[in-house]
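# can you look at this prediction? I've put the sequence above it.
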Amino acid sequence: MTRPTFLPSRAVAERLGLPSPAAFLARRDRLEETLHFPLPMPHSQRPLLWKADEIEAWINSHGGPARPRIDQTDIDAGTVVLLDFARIA
């Protein structure tokens, strides 16, 4: 029997296409509550660890978390100021 592979939040974020572990952890509660994202392994130490096969199965069935859509009205309203500055840089 093979031992399961465990992933820290950094590796989970990479698999989900998120920019950082902090971005994943900020979304974690919502993912668990609304999209039934796998729970981390129960233990009392950090870092949090997830079973790799559970993460891969979730990604295959859900396609990862939905990305927010940014359109021109958000930019024009000043909601996405950094994106607007990046376009002229």
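Nice, thanks for sending it over.
# which stretches of this structure form strands?
Secondary structure of the chain (DSSP state E): strands at 6-8, 49-51.
# out of those, deepest packed?
A comparison of those by mean neighbour count, using mean count of other CB atoms under 10 Å, puts strand 49-51 on top with a mean of 19. (Each C-beta comes from the backbone N, C-alpha and C, glycine too.)
# about what we covered before: the strands of the chain: which one's closest to Pro40?
The closest approach between Pro40 and any of these, judged by CB to CB, belongs to strand 49-51 at 5.3 Å.
# by contact count, what packs against that closest one?
The helices and strands touching strand 49-51, judged by 3 or more CB pairs under 8 Å, 6 or more residues apart in numbering; DSSP states H and E, are strand 6-8.
# packing partners of the strand it packs on?
Applying 3+ CB pairs under 8 Å, 6+ apart, we find strand 6-8 packed against strand 49-51, helix 52-62.
# give me the low-pLDDT residue ranges for this protein?
By pLDDT under 70, the weakly predicted segments of the chain are 1, 64-89.
# for it, what spans make up the helices?
In the chain, the segments counted as helices under DSSP state H are 9-16, 21-35, 52-62, 72-76, 81-88.
# out of the ones you listed, nearest to Thr2?
Nearest to Thr2, of all the helices of the chain, is helix 52-62, at 10.1 Å by CB to CB.
# circling back to that earlier point, would you reformat the helices and strands packed on strand 6-8 as JSON lines and include distance to Pro8?
Shown next, in JSON lines, are these (distance: least, CB to CB, whole Å):
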{"stretch": "strand 49-51", "distance to Pro8": "6"}
{"stretch": "helix 52-62", "distance to Pro8": "11"}
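# return the most buried member of the ones you listed.
strand 49-51 (a mean of 19).
# contacting residues around that one?
For strand 49-51, the external contacting residues (CB atoms under 8 Å, 6 or more residues apart in numbering) are 4-8, 12, 38-41, 43.
# which one of those sits closest to Ala57?
Pro38 (8.0 Å).
# give me the distance between the residue lying closest to the closest one once chain neighbours are set aside and Pro19.
Nearest non-adjacent residue to Pro38, counting by CB to CB, 6 or more residues apart in numbering: Glu54, 3.9 Å away. The gap separating Glu54 from Pro19 is 22 Å, by CB to CB, to the nearest Å.
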